[in-house]
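> with the input below, show me the fold.
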Amino acid sequence: MLPTANLTAVRRNTNLDALRAIAIFMVLGRHAGMAIALLHASTVYTLCGERIGWAGVDLFFVLSGYLISGLLFADYEAHGRISVGRFYIRRGLKIWPAFYALIATGLLIDAVMPGHHLSTRNLWSELLFVQDYFHSIWGLTWSIAVEEHFYLCLPLLLLLVIRRYPGKHFAALPQIFAVIAIFCLACRFAVGWKQDGTIDPWTCVFPTHLRIDGLMFGVLICYFKRFRPSVFQWMVRWRGGWVVVAIAILLLSVFPLESRQMHTWGFTVLYLGSGFLVAKAVAHEGPRPIRLLSSLLARIGFYSYSIYIWHMFFIWKILPHLHIHSPLGVYWASIVGPIPFGIIAAKLIEIPVLRFRDRVFPSSTTPASMTEPQDKSMETVVAS
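Below you'll find the predicted structure:
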């Protein structure tokens, strides 16, 4: 058990928070660019944000897979078992309060504010976390649904591996990842290869069975880091990883999300490139200038969940009332404004709930096993 009083002793990897910041800036650039494009005032940087920013979600997926599996691996190493019930409770208290606060606040504003239209259509898909298969109120929450399904399934998968291969330290995970990766890729080709241009994202982009391979690649990286360090070090040293990153960047510059190349094999290239960056971030602190930049970015990435979940609320519900008439001003306000807004929301909602959670349902892992990777929600309590 990790008492709250000892949380400050937990070391954190600021590089991972820095990657979160990069991912959140990509997403903000994507949505800001889309907003400006609707005003017919696109520029090179707005088009760039719109074109590549959505890939920030793929980076988030690999990061989540790495960090969440690290919690479960740490629990297993500390106790020889996985506390599934405790994991579900702690994840729920991490995700649900801010998420349901977003839903409730949006409905309340639509009900009482002039100029807003109250609509509960598609509310049920939000409340049940199936908005990656069915239309939703907030389009961005599809990725939260994918992660919720991952949180639900991963502990059960690891329990199955433990029982099927006792004492093997999850040695079957590389084969399991390969099966899942091939399955997801086949599904993407089945639904997406004949579609090009205008697509239905709830068919070709959002569903869990099309995207969970990115999360599982994060699990695979964490497995190598903990149980097969020689393989992990090979991944870190392999120069071909930078080639994969370069191919991913080239892919983003050539093919839009709506192309069949991107929403079939393109997603595979993106999570492979993201995984290489995650492995590098875990293994190396970098020279002093990089460490300083990483530390600065980490201050934003620290609150990435709250910024992500509230940024469209800011753009849709708050920004129109700021009376910014310049398209360029709207663009930068859409990127900069959600950051302090999300941090404030985290301090009002997320952090108090996490403090309560860590008092009532403390982590079952020891400080030594939590050194890395660690639960982001733990980090939030440390920072507060």
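
> identify the residue spatially nearest to residue 194, adjacent ones excluded.
residue 260 (7.4 Å; Cβ to Cβ, 6 or more residues apart in numbering). No exception for glycine: its C-beta is placed from N, CA and C like everyone else's.

> that neighbour touches residue 191, doesn't it?
No. Using Cβ atoms under 8 Å, residue 260 makes no contact with residue 191, being 10.2 Å away.

> ok so, going back, and the residue nearest to residue 194, how many neighbours?
Under the neighbour criterion other Cβ atoms under 10 Å, residue 260 is assigned a count of 19.

> residue 113 now?
Residues near residue 113, counting by other Cβ under 10 Å: 12.

> that one: what's it in contact with?
Contacts for residue 113 were tallied using Cβ atoms under 8 Å, 6 or more residues apart in numbering; there are none.

> state the distance from it to residue 71.
Using Cβ to Cβ, to the nearest Å, residue 113 is found at 40 Å from residue 71.

> count of residues packed around residue 353?
Residue 353: 17 surrounding residues under other Cβ under 10 Å.

> ok, now residue 160?
12.

> same check, this time on residue 205
Neighbour count of residue 205, defined by other Cβ under 10 Å: 22.

> for it, give its distance to residue 23.
Distance, residue 205 to residue 23, by Cβ to Cβ: 17 Å.

> what does residue 322 give?
Residue 322 is 26 Å from residue 23, by Cβ to Cβ.

> which parts of the helix or strand where residue 21 lies are buried?
For residue 21, the host element (DSSP states H and E) is helix 14-38. By neighbour count on 16 or more other Cβ atoms under 10 Å, the buried set for helix 14-38 is 14-37.

> next one: stretch 340-349
By neighbour count on 16+ other Cβ under 10 Å, the buried set for stretch 340-349 is 341, 342, 343, 345, 346, 349.

> from the centroid of this protein, which residue is nearest?
residue 60 (3.0 Å; Cα atoms, centre = their mean).

> for that one, which residues are in contact?
Residue 60 touches 20, 23, 143, 304, 308, counting by Cβ under 8 Å, 6+ apart.

> just checking, what packs against the helix holding residue 21?
When contacts are defined as 3 or more Cβ pairs under 8 Å, 6 or more residues apart in numbering; DSSP states H and E, helix 14-38 sits against helix 44-52, helix 56-79, helix 267-283, helix 288-301, helix 304-313, helix 327-336.

> to residue 252, which of those helices lies closest?
Among those, helix 44-52 comes nearest to residue 252, with 4.3 Å by Cβ to Cβ.

> show me the shaky parts of the stretch 251-384 of the chain.
365-384 (pLDDT under 70).

> sorry, back to before: farthest pair in the contacts of residue 60?
Maximum distance among these (Cβ to Cβ): 13.4 Å, for 20 and 143.
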